[in-house]
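Student: could you work out the structure for the sequence below:
(3 chains)
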Amino acid sequence: MTLLDVDDVSIVYEPRGAEPVTAVRGATFSLEQGEFVGLVGESGSGKSTLGFALTGLAKAPARISSGRIAFDGTDIAHLDGEDLRRQRRGGFAMVLQSGMNALNPVRTIANHFADIFAAHEHVPRGRRRERAVELVEKVELPASVLDRYPGELSGGMRQRVAIALAMSLDPRLLVFDEPTTALDVLVQRAVMDTIIELQREENFTAILVSHDLGVVLESTARVLVMHDGVIVEDGPSARILTDPQDDYTRMLLSHYADPRAEVVELPGLRVAGSQISTTGEPPAEPATDAAPSGRAGTRTGRTRAAVVLDGVSKVYPPPRRGEDPVTAVDDVSFTIEPGDALALVGASGSGKSTIAKLITGVERPTAGTVRLGDTDVGSLRRAGLRRLRRDVQMVFQDPYSALNPLHSVEYTLMRPVVNFGGLRGREARRRMLELLEIVGLTPVEQFAAKLPHQLSGGQRQRVVIARALACDPQVIIADEPVSMLDVSLRAGVLALIEDLREQWGVSLLFITHDLLSARVVTDKILVLNRGRVVERGETAQVLRFPEDDYTVELLDAVPQPGRAAD
Amino acid sequence: MTEKQATTRGETAGPTEPAPSGRDEVPDGGADVARVAAAASPLTVLGRAAGTIWSVPKARVGLILLAVFVLTAIFAPLLAPYAPTDNSFGRAEGGSAAHPLGTTTAGEDVLSQLIYGSRVSVLVGLVAGFGATLIAVLLGMSWGYTRGFAADVINFFVNLFLVIPGLPLMIVLAAYLQGGGLSMIIFVVVITGWAWGARVLRSQTQSLRSRDFITAAQFSGESSFRVVFREILPNMTSLITGSFFGAATAAILAESGLSFLGLGNTAMVSWGSMLFWAQNSNAILTGQWVLLFAPGLCIALLATSLTLINFGVDGLSNPRLREGKGR
Amino acid sequence: MRYLLRKIGLLLLTLWAAVTLNFFLPRMMPGSPTDAAIAKLAQNGPVSPATRAAIEAQLGVPTGNIWDQYVAYLGNVLTLDFGISYTFFPQSVSELVLTALPWTLVMVGVVTIVAFVLGTLLGVLAAWKRGTFLDSLPTLTGTFTSAFPYFWTALLLLFFLGYVLQWFPTSGAYSPRATPNLSPEFIADAAYHAVLPAVTILITSLGGWILGMRNTMINTLGDDYVTFAEANGLKPRAVALKYAARNAILPNLTGFGLALGGVVGGSLLVERVFAYPGVGYLLYNAVTNQDFPLMQALFLMITVSVLVANFIVDVLYGYLDPRTRR
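Tutor: Below is the predicted model of the structure:
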């Protein structure tokens, strides 16, 4: 039985005082009752816009300009007000991307349910509490959450509550818009499992809107791929995995790989299995003579120094009175030899970002020492920190927040060149253009004049990398440098990072929760859990033959299109 | 290397996905984000801001209204038919060809007084608004950079100044400083008028300084001075403009109130003192309603023009408040 | 509970700061307010040493230990001993202030609450019906009326409704022949006299509340929980009130507490125009007669009233926002 029939739907954005933009063009597909379908596309593909339209939530400035959305025979594309509202019970529901903000902060969870029951009068007053308990139990939450306020729940719990609320409408169609994107890696996995289970048990029709083809292929039986507002591919997951019809789908697929594989290949990147493990040597202390010639000095001829952490702990004072102090980093020791690349992996709260702050001197260790060569980073004062920044640079997670929106690329790159390089005028400008060339932003003159909002996420991240390189540092700390980028842009940035390390001999501390990217750019890895090192060694060795349960858990969280087929 | 270049070229700055319900980002809404590539010198930032404000109809009306008042104040001697203190005319006359708005009980021309009166209000608004904003910027930004106990202490004082009723404090200060004239009034208005702006600018400073680009600037070896003035300040243009117009409005209303109570220099012709004299000469009993109506209307219009401009300024910092149908 | 205790602590600290400010104000001023005051008082007859001491405690002695003065001043404030007024000689300052205070508190208090509630409701409506007539009319009118100087609105109402149409009394808080008591007749008479001042404050302050609520509500309408509530098919009225407005009221309440000082200030001017015997009119008389002890005491009382009102708003906020209960 066909539940949803979408026929030639186009959606335009008509913002006031700006050109209209067509976000969705001629979308046509239909869904059978009980199907679980993925809707995949990268940012700007129009997938969320379509998702909103399917649940009758398209609002000004978005407008369904043509086509029919027939839900169980009724065209809902042009339904309005009360008629549309009545359709929602037993009809279509939606779970928003930011489930954390989808709950009213001043109402208890029980009241959220009561509001929905009252709006549709489909649960008698006396049975409402009972029904609410049933629903939260379906999403694996205890009944006690009903009396809590949203602010008292964790992000994952809030997203589960949002799912339970959507379920309370007894929907026949449920659209999940990036339901796990805003959550921590390990929580993502658990919430996704709950969704898959629910769909199987309740047999509602579901659409999973996601930017991540890997997640979608793993969970759904059929996939629609969107690109630039057009559905370019529509087929069973298994077939898309083995025989994608569209070039775009093929390109997306090429960006997935299993970090456990012997050979990992991404566009522009290829790493083979660990050599050390084949020779049988213990993957313990990094070999001191590992640095090849040419890595001994920096471009400007300074000697390279190692980053050494010795028994470092960082304890923060209790967040509220009467609570315990927070131990963010607990007795961590490691060394990054010149030219080495070390991955620091763990879920959020594992202390990996705190370690970055300790190495950059933003925070001081509570115990132990952080050294760069002969410098004790923990004891540096203002002037010393300034000197340290010549040697230690950062690449930030969010390229949208790491560039001042008001400064041109030229200004942003000139500052460190002038401040650290001592160059002035034409020479400084030449160096700035050279940096753009190095990070592959050509034609350089054109990119120099641009402002951040005129660049894509990947291009911004390249500017951020160029800025970090400007003072010819010894160490670059990259904090989740690709996690905010579209999947297809990640490999390019990773390849650039890898290339820089090889060409310039910069040491790299690569902080991430994503084991695939850790695998392709680093030699050694440190797995952190709650501030403690739980596993360490050669990256390939650790990822292929993990020993700690936590590492296994992290590995399982990496989306692998192929897994569903297994 | 070739593959890498290919991926580089593959990244084009496609249009960002319009937010699902058109809430957070209006795709091409303009605002603080510039359309043209240019370095962010404070002047260009201001220029762009002005352009955006002008595009809001309400703000445009406000700007025109404000321009009329400012021009009147500048060219008062050319526009006014008589000197404002010339009391050689008939007393308490109604409107006539010679005196379109009549004369006061002291025999001065009302229209001339009205025209000259604009000078005091415009001047007070400008100077006191500027003074209060300056304090607000300096204090708000350094406060945003302070943590721990010192921040709590500043917080306490700013809140104290926020809740202490401004006008009574002004009245008390003016009573002690009697005879100080216009500069005294400006001083009093500035002292009582900076707190709100300081609070707004502080929270913006705090949210900006936690952004990565500020950390990045420090990592680029920028001095604290440069971080504050080239990275943070230009990003607060709209809020600073907003507090300026807010403070100026408050200053104009406060000046008129103090003058009306006779606490300024009552011999100086301002809209407030015109009302002071009208009340004291019982204009109500003599039925000279123009004398009551006109100066107050001017104050109201001038203050309205600033509030209207702020509608445009609000849109700069808060896209949700931009014009357009919400639902 | 911890929230309440913290707010009480803050109130006490703020009260202390206000009293201290009041102590230092006359002492920081150029010239000697004390001498001026005593000279004024001498016009009414010889100044007794006790009166002189009281004034010195209020306004400062040219010589002497500032710390001792401060302690004595704190004692005076706690016992409400503000000396003798010379404008209304021989009445004591505290007697005058306590007679005037109820008039202002009741009139301004009632009208402010009415204005806030009404303005908030209109603001909710304007935001919900954004872009329609129900939005533009209150928004534009509110923008304009909130730019009115309080005393101007007062003068216009006084002129047209008081003198020309003679619908309402033009001055005072009750008929000249009546004596204040709690009989229904007197209360009706007082209410009749309060209409013009009250309407003035309502007209002038309403716009601010409308605009404030409209803007915060437009923000909350864009929040995800509102979209989600709509996606769940809640009735529009429930979405508007229980979701958008309920959250918008919180920042607006803070704004209310902070704007209170402005309304009180405006009401002083209104009282002056209508010769309404509240603290504002008394303050005006004190200022024009340079009656510094009376002026200081009035300023202190006005400040304390606003601080206490703010405290009540804070407590209400704590009650309305579950996040403060933790």
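
Student: what number of residues lie near residue 306?
Tutor: This is for chain A. 19 (other Cβ atoms under 10 Å in any protein chain shown). For every residue, glycine as well, the C-beta is placed using N, CA and C.

Student: wrong one, I was asking about chain B
Tutor: The number of residues packed near residue B:306 is 26, by other Cβ under 10 Å.

Student: wait, it touches residue B:125, no?
Tutor: Yes. With contact defined as Cβ atoms under 8 Å, residue B:306 reaches residue B:125; the gap is 7.3 Å.

Student: where do the contact lists of these two overlap?
Tutor: Residues touching both residue B:306 and residue B:125 (Cβ atoms under 8 Å, 6 or more residues apart in numbering or on different chains): B:248, B:249, B:252.

Student: pretty sure residue A:7 is in a strand, no?
Tutor: Yes. Per DSSP: H, G, I helix; E, B strand; the rest coil, residue A:7 lies within a strand segment.

Student: skipping adjacent residues, who's closest to it in space?
Tutor: Nearest residue to residue A:7, sequence neighbours excluded (Cβ to Cβ, 6 or more residues apart in numbering or on different chains): residue A:68, at 4.4 Å.

Student: checking the one you found next. Helix, strand or coil?
Tutor: Following three-state DSSP, residue A:68 is assigned to strand.

Student: distance of it relative to residue A:5?
Tutor: To residue A:5, residue A:68 is 7 Å away according to Cβ to Cβ, to the nearest Å.

Student: now do residue A:463
Tutor: In terms of Cβ to Cβ, residue A:463 sits 46 Å off from residue A:5.

Student: tell me the residue of chain C that sits nearest chain A?
Tutor: Nearest residue of chain C to chain A (Cβ to the nearest Cβ) works out as residue C:233 at 3.2 Å.

Student: number of residues surrounding the residue lying closest to that residue once chain neighbours are set aside?
Tutor: Distance criterion Cβ to Cβ, 6+ apart; nearest residue to residue C:233, sequence neighbours excluded, is residue A:88 at 3.2 Å. Number of residues near residue A:88 (other Cβ under 10 Å) recorded here: 23.

Student: looking at it, residue A:88 is touching residue C:231, isn't it?
Tutor: Yes. Residue A:88 is within contact range of residue C:231, at 7.5 Å (criterion: Cβ under 8 Å).

Student: the residue of chain C closest to chain A: what secondary structure?
Tutor: Applying three-state DSSP: residue C:233 is coil.

Student: how many other residues sit next to residue 46?
Tutor: Chain wasn't specified; assuming chain A. A count of neighbours around residue A:46, defined by other Cβ under 10 Å, yields 27.

Student: actually it's chain C I care about, not the one you picked
Tutor: Per other Cβ under 10 Å, the neighbour tally for residue C:46 reads 7.

Student: could I get the phi/psi values of it?
Tutor: Phi and psi for residue C:46, reported as degrees, to the nearest 10, are phi -60, psi 140.

Student: tell me the SS of residue A:103?
Tutor: Classified using three-state DSSP, residue A:103 is coil.

Student: so where do the helices sit in the stretch 1-150 of chain B?
Tutor: Counting by DSSP state H, counting those that start in this stretch, one finds helices in the stretch 1-150 of chain B at the ranges B:2-10, B:42-54, B:57-74, B:76-79, B:110-144, B:149-163.

Student: out of the ones you listed, deepest packed?
Tutor: The highest mean neighbour count among the helices of the stretch 1-150 of chain B, using mean count of other Cβ atoms under 10 Å in any protein chain shown, belongs to helix B:110-144: a mean of 22.

Student: give me the angle between that helix and helix B:149-163.
Tutor: Angle between the axes of helix B:110-144 and helix B:149-163 is 160 degrees (criterion: axes from the mean of the first three to the mean of the last three Cα atoms, to 10 degrees).

Student: off-centre distance for helix B:110-144?
Tutor: Its chain's average C-alpha position is 7 Å from that of helix B:110-144, according to Cα atoms, centre = their mean, to the nearest Å.

Student: strands paired with whatever helix or strand residue A:312 lives in, and their directions?
Tutor: Here residue A:312, judged by DSSP states H and E, is contained in strand A:307-316. Partners of strand A:307-316 in the sheet, by DSSP bridges, are strand A:326-336 (antiparallel), strand A:367-372 (antiparallel).

Student: quick one, what contacts the residue of chain C closest to chain A?
Tutor: A:85, A:86, A:87, A:88, A:89, A:116, A:119, A:120, A:169.

Student: out of those, which are inside helices?
Tutor: A:85, A:86, A:87, A:88, A:116, A:119, A:120 (DSSP state H).

Student: of these, closest to chain C?
Tutor: residue A:88 (3.2 Å).

Student: how about the secondary structure of residue C:196?
Tutor: Going by three-state DSSP: residue C:196 is helix.

Student: my guess is it meets residue C:162, correct?
Tutor: Yes. Between residue C:196 and residue C:162 there is a contact under Cβ under 8 Å: 6.4 Å.

Student: identify the contacts common to those two.
Tutor: C:168, C:169, C:170.

Student: just the closest of those to residue B:100, please.
Tutor: residue C:170 (29.1 Å; Cβ to Cβ).

Student: related to what we said a few turns ago, of the shared contacts of residue B:306 and residue B:125, which are in range of chain C?
Tutor: Checking the shared contacts of residue B:306 and residue B:125 against chain C by Cβ under 8 Å from any Cβ of the partner chain, the ones in range are residue B:249.

Student: turn the shared contacts of residue B:306 and residue B:125 into JSON lines, columns for pLDDT.
Tutor: JSON lines is the format used below for the shared contacts of residue B:306 and residue B:125 (pLDDT from 0 to 100):
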{"residue": "B:248", "pLDDT": "92"}
{"residue": "B:249", "pLDDT": "90"}
{"residue": "B:252", "pLDDT": "90"}
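
Student: in strands only, show me the shared contacts of residue B:306 and residue B:125.
Tutor: Among those, none falls in strands (DSSP state E).

Student: for residue B:155, give me its contacts.
Tutor: residue B:143.

Student: and the stretch 51-200 of chain B, which of its residues are near chain A?
Tutor: So the stretch 51-200 of chain B meets chain A at residue B:55 (Cβ under 8 Å from any Cβ).

Student: about what we covered before: between residue A:463 and residue A:5, which one's more packed in?
Tutor: With neighbours defined as other Cβ under 10 Å, residue A:463 and residue A:5 compare such that residue A:463 has more, 24 against 16.

Student: can you name the helix or strand that the more buried one falls in?
Tutor: Per DSSP H and E: helix A:457-469 holds residue A:463.

Student: any part of that helix near chain B?
Tutor: Yes. Using Cβ under 8 Å from any Cβ, helix A:457-469 reaches chain B at A:458, A:459, A:462, A:464, A:467, A:468.

Student: by pLDDT, rank those residues and give me the bottom one.
Tutor: Among these, residue A:458 has the lowest pLDDT, at 85.

Student: who's in contact with residue C:157?
Tutor: Residue C:157 makes contact with C:196, C:199, C:200 under the criterion Cβ under 8 Å, 6+ apart.

Student: redo the contacts of residue C:233 as a markdown table? Include pLDDT.
Tutor: Output for the contacts of residue C:233, formatted as a markdown table (pLDDT from 0 to 100):
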| residue | pLDDT |
| --- | --- |
| A:85 | 88 |
| A:86 | 86 |
| A:87 | 85 |
| A:88 | 88 |
| A:89 | 87 |
| A:116 | 93 |
| A:119 | 91 |
| A:120 | 90 |
| A:169 | 90 |
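
Student: among those residues, which ones are buried?
Tutor: The neighbour count (16 or more other Cβ atoms under 10 Å in any protein chain shown) marks A:85, A:87, A:88, A:89, A:116, A:119, A:120, A:169 as buried among the contacts of residue C:233.

Student: of those, closest to chain B?
Tutor: Nearest member of the buried ones among the contacts of residue C:233 to chain B, counting by Cβ to the nearest Cβ, is residue A:85, at 13.8 Å.
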